[in-house]
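K.L.:
Here's my sequence, what's the structure:
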Amino acid sequence: MLSRRKIAAIALSTPSLLSACTPGSGDEASFTGVMTVDTSAEEEGEGEATSSSTSGGCEDLDGDGWTTCEGDCCDAPGAGCIDFPELVNPGAFDVAGNSVDDDCDGATDVVVAACDEGLASDSQDAEDYARAMDLCQFVEADPSNPAERRWGVVSAKLSLTDGNGTAHVQGHSIRTDFGDTIVPESESSMAVFSSGHAADANDTNPSFVSPQNGVDFGTGIGVPAPSDWLAANGGTFPNPLGCASPSSTDAHDAQMLTLELRVPTNARSFRFKFNFFSAEYPEWVCSEFNDFFVALIDSESSMNPADKNIAVYDDGTTEFPVGINLVESAQGLFTVCENGQTGCRGSLQSDYQSCTNPGELAGTGFDLDDGICPQGSMGANGGGTGWLEVAGNVQGGETMTLRLAIWDGSGHIFDSTVLVDDFEWSVDAATPGIYIP
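P.N.:
Numbering: from 1, shown residues only. Take a look at the predicted model:
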């Protein structure tokens, strides 16, 4: 069993670390106090000021790429603002609780207003799925006014895993709940992606279809899993030792959301939460039918996995992606299920006893009796992880890409679903991977 771990690496800075910053008037502001930032976990060169510059009387003394004429309210090193003025400018995000006007908008500790209320459950606007994840600021890729280079979502796209094609409209939705007990981790809504219908047993638009029977959208034949991730893993899907190899590397019935994000200048990492379910549990555990959920990051930061997938469990030797075979590789991460025999339809059977929260399956559609493996009293036809956190690293001010993808492995039936919510930036570097919150 895995022990529960704090996500200290991505915890937001506390008020004791950051001093008060009192906004002034005009292009500059007056500040009091000193901020102390631990940069030991950052990459060499990250967060350090470059050489200062002056353009037409507009100074950039801290070298953060923002001049006083563009709204930088804390530009001079050692001028009494904070110890690291390059972290304060209009391109930064306002860190909650630090009493600093991080983004130079004239106010401290202002969070971006929620934007996920009232979204259509069957929306086909990819930006709505960013909103459902609590990404609420949208920006231009190349604004004509340099002062508008703020952080936010540059673009969003729904596609198949090769970045092309059209993700089936029934495979993604926005929900205010999932099943009888599961609600969003933040605000009003969450994004749902599925290799079947993105719906629980009582949902409409899209409607419910049992994940046990599954659906064949006909979108995976000849469509590979993300090619860069696949190549980094030797042209095959990562798999626990002893489990059957997949029959192909096609991504059947896939859904992929691609987000292009301009990173806040003071951010060093981000995190979000996800909840993965699969009808492959329990009968197909450790078989070739291993469905996957990956979170692939393209960033200038070198502090991420070589294959770009941050949705991995690291046992110290091997990194295992999220899928039904977590039951074999990281038992403490797959807990929303019924204990009993697994792999009864495959070639490797075992007795699984790490399920602790089977009640969370109620109403999800993964709780229906399949009568195949001799599980517990509910006879549930699926299982899940419960809410987990995933973290990844970024370079402040860059434009990075995050791809979230789910697909059926080696077949079309026995569908899987993932809920995604609660995206947040952090001023601290992170250890990439998945954690129990």
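K.L.:
Low-confidence stretches in the stretch 301-437 of the chain?
P.N.:
For the stretch 301-437 of the chain, applying pLDDT under 70 flags the ranges 346-347, 369-380, 410.
K.L.:
show me what contacts residue 178?
P.N.:
Listed by CB atoms under 8 Å, 6 or more residues apart in numbering, the contact partners of residue 178 are 190, 192, 200, 275, 364, 419. Using the backbone N, CA and C atoms, a C-beta is placed for each residue, glycine as well.
K.L.:
With residue 255 instead?
P.N.:
Contacts of residue 255 by CB under 8 Å, 6+ apart are 158, 160, 167-168, 171-172, 193-195, 405-407.
K.L.:
again, 10 Å this time
P.N.:
Residues in contact with residue 255 (CB atoms under 10 Å, 6 or more residues apart in numbering) are 158-161, 167-168, 170-172, 192-195, 198, 217, 219, 293, 404-407, 417-418.
K.L.:
Now the buried members of the contacts of residue 178.
P.N.:
With burial judged by 16 or more other CB atoms under 10 Å, the buried subset of these is 190, 192, 200, 275, 364, 419.
K.L.:
The third one is in contact with residue 368, isn't it?
P.N.:
No. Look at residue 200 against residue 368 with CB atoms under 10 Å: they stay out of range, at 11.2 Å.
K.L.:
any idea which element residue 402 lies in?
P.N.:
If you go by DSSP states H and E, residue 402 is part of strand 399-409.
K.L.:
After that strand, heading C-terminal, what element do we hit next?
P.N.:
strand 416-426.
K.L.:
Between strand 399-409 and that following strand, find me the angle.
P.N.:
160 degrees (axes from the mean of the first three to the mean of the last three CA atoms, to 10 degrees).
K.L.:
Wait, residue 338 touches residue 384, no?
P.N.:
No. At 11.4 Å, residue 338 and residue 384 do not qualify as touching, with contact defined as CB under 10 Å.
K.L.:
Those two: which is more packed in?
P.N.:
Shown here are residue 338 and residue 384; by other CB atoms under 10 Å, residue 384 has more neighbours (30 against 20).
K.L.:
got the CA coordinates for the helix or strand containing that one in PDB?
P.N.:
When elements are assigned from DSSP H and E, residue 384 belongs to strand 383-393. C-alpha atoms of strand 383-393 as PDB (Å, rounded to 0.1, in the frame of the first residue of the first chain):
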ATOM      1  CA  GLY A 383     -13.300   0.500 -10.600                       C
ATOM      2  CA  GLY A 384     -11.400   3.700 -10.300                       C
ATOM      3  CA  THR A 385      -8.600   5.700  -8.600                       C
ATOM      4  CA  GLY A 386     -10.500   8.300  -6.700                       C
ATOM      5  CA  TRP A 387      -9.300  11.900  -7.000                       C
ATOM      6  CA  LEU A 388      -5.500  12.100  -7.500                       C
ATOM      7  CA  GLU A 389      -3.200  15.100  -8.200                       C
ATOM      8  CA  VAL A 390      -0.700  15.400 -11.000                       C
ATOM      9  CA  ALA A 391       2.100  18.000 -11.100                       C
ATOM     10  CA  GLY A 392       4.500  19.200 -13.800                       C
ATOM     11  CA  ASN A 393       7.100  21.900 -14.200                       C
END
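K.L.:
Of all residues in this protein, which one is nearest the centre?
P.N.:
Closest to where the C-alpha atoms of the chain average out (CA atoms, centre = their mean) is residue 272, at 4.2 Å.
K.L.:
residues in contact with the residue nearest to it when sequence neighbours are not counted?
P.N.:
Among residues not flanking residue 272 along the chain, residue 423 sits closest, at 4.3 Å (CB to CB, 6 or more residues apart in numbering). Residues in contact with residue 423, defined by CB under 10 Å, 6+ apart, are 130, 132-136, 186, 191, 259, 261, 270-273, 402.
K.L.:
Please flag which of those sit within helices.
P.N.:
Among the contacts of residue 423, DSSP state H puts 130, 132 in helices.
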